[in-house]
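**Student:** build the 3D model from these lines:
(2 chains)
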Amino acid sequence: MKHAVTFDLYKTDDRTRARRGCLHTPHGDIQTPVFMPVGTQGTVKAMKPEDVKTLGKEGAHIILGNTYHLYLRPGHELVKKAGGLHKFMNWDRAILTDSGGFQVFSLGKLRKITEEGVRFSSYIDGSKHMFTPEKSIEIQNALGSDIMMAFDECAPYPADWRYVKDSLELTTRWLARCKAAHHDWERQSLFGIMQGGTYKDLRYESAMQVVEMDLPGYSIGGLSVGEPKEIMYDVMDDCVELLPKEKPRYLMGVGSPDCLFEGVERGIDMFDCVLPTRLARHGTALTSHGEVKIKNAKYAEDFEPLDSECDCYTCRHYSRAYLRHLFRENEMLSAMLLSEHNLHFLVSTMEKIRKSIEEDRFPEYKREFFAKYGEF
RNA sequence: GUGGGUGUCGUCAAGCGGUUAAGACCCUGGGUUGUGGCUCCAGUAUACGAGAGUUCGAAUCUCUCCACCCACC
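**Tutor:** Take a look at the predicted model:
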């Protein structure tokens, strides 16, 4: 079967498991490792698509959309009528859609999980809905994303072994149903998601079952849900080992600068995270010298840019004092400028990571980065 | 000048004889990882206009003074 999305692995670092590769999609190539900005509701919050294309040197080449949100509003049928999500939101590069599985987890109270799927109440109006693997694929087909994610159950942390085992096995059965429900593989690819919580044996079981499905990419789910970072790193180590080298590996929901480096070092190719845009809206900037909480009083008369080493639009034109003023006044421009900066920071950090891998100096670059950024 | 009203944290504002004197805003700090939320959490302030009295006990009652507001001369 010919896949919409294929992966070329260019190189693996000699000293770490870091990889340098490229994802080919119907909407362009994506150099990896990559950070994917999240645009849940068909928009990267506070950003115009044309500005998302200017992040870093080349701009973001792929963003996320969300099945759950777009299904509830404006409705996947409407998006389909509009010509698909790309056209609807004026984004001609690649899109990956999350399946709705995570929302089922994060909007916990309002749901009931069965073999068939998940019954849940809309966070908007409380109306009752049912998601099944087939429904998730139907919605993602209508949205027309390049990469669709399997409908999974993300177990909470902590969760006991038995729960996680049943959950991962259900996720595998759902994955088989997702695969069966999808037809146009040349237009859209489906990535499988492994679960298994923090249990090594369950991660193994999940990986075996998911990889057996022979999909164009695999992701590691169920991490960054509240577990300590050391545990997350350990689980990542285990997971990456279990995934085939020739397929892209996607670590879902992870995106703080430290986790990005740790993930790349362990062989992760793709990341996504709401963190940069959420932090931006809440007044925190990510800079080469660590986090800058722009609302802090010490920036009231600081007329320097957020990050003296940053060449983003925000840093080229605005001072910390001005950004603080905008934030305190709750001006929209505050979210716009900080979001653009934070995304630029992560996207360009990833560009530098890719370059360092190409030049065999990823470990040195990592050390250099943290020497400035500070410890965690 | 006469009559009336009001004075409680930086601001607004509860309380009207026994409270650790609410709360909100502001301010200060923190959180945020497959995005419901211009959000959530926490913290600081000896604030009862001044003085004298009544009372076991006063922000609460009385008197004097001060300040401000509104009417009328």
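**Student:** can you name every helix or strand that the helix or strand encompassing residue A:80 contacts?
**Tutor:** According to DSSP states H and E, residue A:80 maps onto helix A:76-81. In terms of contacts (3 or more CB pairs under 8 Å, 6 or more residues apart in numbering; DSSP states H and E), helix A:76-81 is packed against helix A:67-72, helix A:133-143. C-beta here means a position set from N, CA and C on the backbone, and glycine is covered the same way.
**Student:** I'd like the C-alpha coordinates of it written as PDB, please.
**Tutor:** Extracted C-alpha coordinates of helix A:76-81, given in PDB (Å, rounded to 0.1, in the frame of the first residue of the first chain):
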ATOM      1  CA  HIS A  76     -16.400  18.200  10.400                       C
ATOM      2  CA  GLU A  77     -19.100  18.200   7.700                       C
ATOM      3  CA  LEU A  78     -18.900  22.000   7.500                       C
ATOM      4  CA  VAL A  79     -15.100  21.800   7.200                       C
ATOM      5  CA  LYS A  80     -15.400  19.300   4.500                       C
ATOM      6  CA  LYS A  81     -17.900  21.600   2.700                       C
END
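**Student:** I'd like the average pLDDT over that helix.
**Tutor:** The average of the pLDDT scores along helix A:76-81 is 97.
**Student:** for it, which positions count as buried?
**Tutor:** A:76, A:79, A:80 (16 or more other CB atoms under 10 Å).
**Student:** which SSE is immediately downstream of that helix?
**Tutor:** By DSSP H and E, the next helix or strand past helix A:76-81 is helix A:85-89.
**Student:** does RNA strand B sit close to that following helix?
**Tutor:** No - judged by CB under 7 Å from any atom of the strand, helix A:85-89 makes no contact with RNA strand B; its nearest approach is 13.6 Å.
**Student:** just stretch A:47-58 next, same as before
**Tutor:** No - applying CB under 7 Å from any atom of the strand, one finds stretch A:47-58 separated from RNA strand B by no less than 8.7 Å.
**Student:** equivalent analysis for stretch A:261-272, please.
**Tutor:** Yes - under the criterion of CB under 7 Å from any atom of the strand, RNA strand B is reached by stretch A:261-272 at residue A:272.
**Student:** got the end-to-end distance for that stretch?
**Tutor:** Counting by CA to CA, to the nearest Å, you get 13 Å between the two ends of stretch A:261-272.
**Student:** and stretch A:287-305, by the same measure?
**Tutor:** For stretch A:287-305, the end-to-end distance is 10 Å (CA to CA).
**Student:** go on, stretch A:219-239?
**Tutor:** End-to-end for stretch A:219-239, by CA to CA: 9 Å.
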